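K.L.:
Sequence and predicted structure below; questions after.
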Amino acid sequence: MSSSGEASCIEIDPAGDMYIKAIEYATNPAGEDGDNLIQQTVLIRVSKQALVRNSIAFKESLESSDNSHQNALGIRHIRVKSLVIWLHIFHNRDLPNTQWLNLQMDDIADIAKLGMEYKFKLSRFNAWFAFWLGYQDLRNTAPATLQQLGELCETFQHKFGGECIAKLIDNSANHVLPQAFTFYPPIPEMSLLQSTFQIQLFGIVSPEDYTTWGFSPQFQSLYGSPTTAYSDFYRLVTMPFNPEILPKYKTFDILWMHQSTFPAFCKTVDNIAAIRDVGPVSRRAMEAAWACLALELYEDSPPQNHSILRKVFEMRFQPIHKVEQYWVDKCIEFGWSATDIECLEDNCEEPDHEVAEPDEDEEMEEAVEVPRQAEIELGIALDDLDIEDADEKYEGLSPNELLALYQKSVNSAQ
């Protein structure tokens, strides 16, 4: 930490064309900045273009007639650590910084405050906030802290985190969600298409561009991965159902001892529903009841192999012919539509679940989804496709056509 008479230097962009002189003042016992005691002064080398692109306040200041040619900018009464984090995000698109996962609640609140004060593009911090929240221990969190976390989830557009926090604040709802959901918000994750195509093409995908969600390391240490994709888990544990329909099973083991357990569970639930006159139980509600019961019994049982929980979740499809016939019969009995009993397979809600196979049909071409980063950089990455004379032969192809070509080359190589 530097004294008021000397300034340390941080190079966010070693080739940057300007400096920010950041002055941080010591705080008094009330948590407010002191007027005279400078805690540290830091010169930060940055790119003017990056500042203008990511901050309305910086843009207005640097592009004004008085400051258009200046190569230095002074900022006072800020936390240098918060500013450096923002500037790092503005200049880099790299993988998660593990040190940021250890930030305290006050640090995140100050990052949000600084971002709003200087009109930063707050969305640039969305992924990092989601990573940070996914690493926090939300058990026994004070109500005031939960309230603050909820506000931060709204600020950084973390829908899943906001739902988890809201349920921790208010457990009065009829359908109490499993603690596996509420205590462990998901983290951003690459989609299948990104992890296969985009990684091979560009070597890195920025977390800001991750298009799906995954289980946090804390969640996986306790539960493994109950479903292939987090979207399947989310659908199962958040689907409302009447808790009165749940059978009184005593142990987790009873759920996986026999392959036909899920059909037997369904018939037991139907009997309970009839006795209690709560109406027929839909496929979505039945599968949700199975998943939530599995999690409850799993948490109350001695330590289990995570793969067993995964097996139990998959048993909602098994044995396939028996399960599907059960739903067909129920559909006929209650006059449901085919959509009501449709089998929602794992990964069915993932962004890359259905990618059209390349062929000569132009309509298929429209179904190919190219990640945003791929659309931007495909033009300079043809060499990575390992295709002869790529520059000449494939000049003028659209990103969709290049992606279809890439998929075809991968398929033929397998």
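P.N.:
The structure has been received and is ready for your questions. Residues are numbered from 1 along each chain as shown.
K.L.:
Show me the longest helix that occurs in the chain.
P.N.:
helix 283-300 (DSSP state H).
K.L.:
quick one: buried residues of that one?
P.N.:
Buried residues in helix 283-300, counted by 16 or more other C-beta atoms under 10 Å: 283-298. To be clear about C-beta, it is placed using only N, CA and C from the backbone, and glycine gets the same treatment.
K.L.:
quick check: angle from the helix or strand following that helix to helix 283-300?
P.N.:
Going down the chain from helix 283-300, the next helix or strand is helix 306-314, by DSSP states H and E. Going by axes from the mean of the first three to the mean of the last three C-alpha atoms, to 10 degrees, helix 306-314 is angled at 160 degrees with respect to helix 283-300.
K.L.:
how close does Ala294 sit to Ser282?
P.N.:
Between Ala294 and Ser282 the distance, using C-beta to C-beta, to the nearest Å, works out to 18 Å.
K.L.:
leaving aside the residues next to it on the chain, what's closest to Ser206?
P.N.:
In space, and not counting its chain neighbours, Ser206 is closest to Arg93: 3.6 Å by C-beta to C-beta, 6 or more residues apart in numbering.
K.L.:
got a pLDDT number for Leu293?
P.N.:
Leu293 is assigned 94 on the pLDDT scale.
K.L.:
One more: the one 10 residues further on?
P.N.:
For Pro303, the pLDDT comes out at 81.
K.L.:
How about Thr196?
P.N.:
78.
K.L.:
and it, backbone torsions?
P.N.:
Backbone torsions for Thr196, taken as degrees, to the nearest 10, come to phi -100, psi -50.
K.L.:
residues contacting Phe90?
P.N.:
Neighbour list for Phe90: 12, 46, 50-51, 53-55, 124 [criterion: C-beta atoms under 8 Å, 6 or more residues apart in numbering].
K.L.:
Just the ones in helices from those, please.
P.N.:
Using DSSP H, those in helices are 50-51, 53-54.
K.L.:
Filter the residues you listed down to the buried ones.
P.N.:
For the ones in helices among the contacts of Phe90, buried by 16+ other C-beta under 10 Å: 50-51, 54.
K.L.:
wait, what's in contact with Arg341?
P.N.:
Quick fix: residue 341 is Ile, not Arg. With contact taken as C-beta under 8 Å, 6+ apart, Ile341 is in contact with 283, 327-328, 330-331.
K.L.:
Farthest pair within the residues you listed?
P.N.:
Put simply, by C-beta to C-beta the two of the contacts of Ile341 set farthest apart are Arg283 and Val328, 10.9 Å from each other.
K.L.:
re earlier: of the buried ones among the ones in helices among the contacts of Phe90, closest to Ser231?
P.N.:
Distance from Ser231 was checked for each of these by C-beta to C-beta. The minimum falls on Asn54, at 30.3 Å.
K.L.:
separation between the closest one and Asn97?
P.N.:
17 Å.
K.L.:
Quick check: which element contains the spatially closest residue to Leu114 that is not a sequence neighbour?
P.N.:
Distance criterion C-beta to C-beta, 6+ apart; nearest residue to Leu114, sequence neighbours excluded, is Ser82 at 4.8 Å. Here Ser82 sits within helix 80-91, counting by DSSP H and E.
K.L.:
Identify the bridge partners of Pro188.
P.N.:
Trp213 (DSSP bridges).
K.L.:
My guess is it contacts Ser206. True?
P.N.:
No: with contact defined as C-beta atoms under 8 Å, Pro188 and Ser206 do not form a contacting pair (10.1 Å).
K.L.:
and for stretch 219-226, what are the contacting residues?
P.N.:
180, 184, 186, 215, 233, 291, 294-295, 298, 306-307, 309-310, 313.
K.L.:
from those residues, which two are the most distant?
P.N.:
Every pair in these was compared (C-beta to C-beta); the two farthest apart turn out to be Pro186 and Ser307, at 20.4 Å.
K.L.:
what about the stretch 51-200 of the chain, any weak spots by pLDDT?
P.N.:
65-69, 95-96, 171-176, 198-200 (pLDDT under 70).
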